[in-house]
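>>> I would like the atomic coordinates for the input below:
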Amino acid sequence: DDDDDDDVAAGYDQHDVAGPGFGNYGLPTGGRGGTYENPVPVVRRPGAGDGYDADSVAAWVGKVTGAEVSSTDLHSALRSGEVLCKLINRLQPGSVSTVHASASALRQMENIGNFIESMQVYGVPAEESFDVGDLFEDDDMMRVVMSLATLKRLADEKAQ
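Predicted structure coming up:
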């Protein structure tokens, strides 16, 4: 084989490594419409029909905590972290020992961080948890909703 892309010294052909349909460096060159196939499994985000929408999550958080939580402004309701700490403490008493009722961004982020840590101890996998910035900076509220939906599912399972 006189292919310029072969590495004769290494004893293999690039196509042996990259697989059919892929050229140098794993970039698509053909096959399946020339699209890249991601070898990493993608976690499917359930839709509204699965009961994991913002409305059901907000209603559940409000029911457990007694706080007024609106799905139309979930970010504002949860941003200080106080409601989240109250939620995890209702599910697992003593999970967050100090909840800061403060307008300080640092204290609010600390509340959120303590909630995330306690949520993982409760059983929510780290890969299904959101990051402080996802909520505090309003970077990814869908991820926040999905994390809370996972927490709800776990709480429902533990209640049975």
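
>>> For the spatially closest residue to residue 54 that is not a sequence neighbour, give me the backbone phi and psi.
Using C-beta to C-beta, 6 or more residues apart in numbering and skipping the chain neighbours, the partner closest in space to residue 54 is residue 71 (4.1 Å). (Glycine included, C-beta is placed from N, CA and C.) When read as degrees, to the nearest 10, the backbone of residue 71 gives phi -70, psi -20.

>>> what's the spacing between residue 71 and residue 126?
Remark: distance between residue 71 and residue 126 (C-beta to C-beta, to the nearest Å) = 26 Å.

>>> what about the strands in this structure?
Using DSSP state E, the chain contains no strands.

>>> Near residue 64, how many other residues are there?
Neighbours of residue 64 under the rule other C-beta atoms under 10 Å: 18.

>>> contacting residues around it?
If you count contacts by C-beta atoms under 8 Å, 6 or more residues apart in numbering, residue 64 has them with 87, 90, 91, 155.
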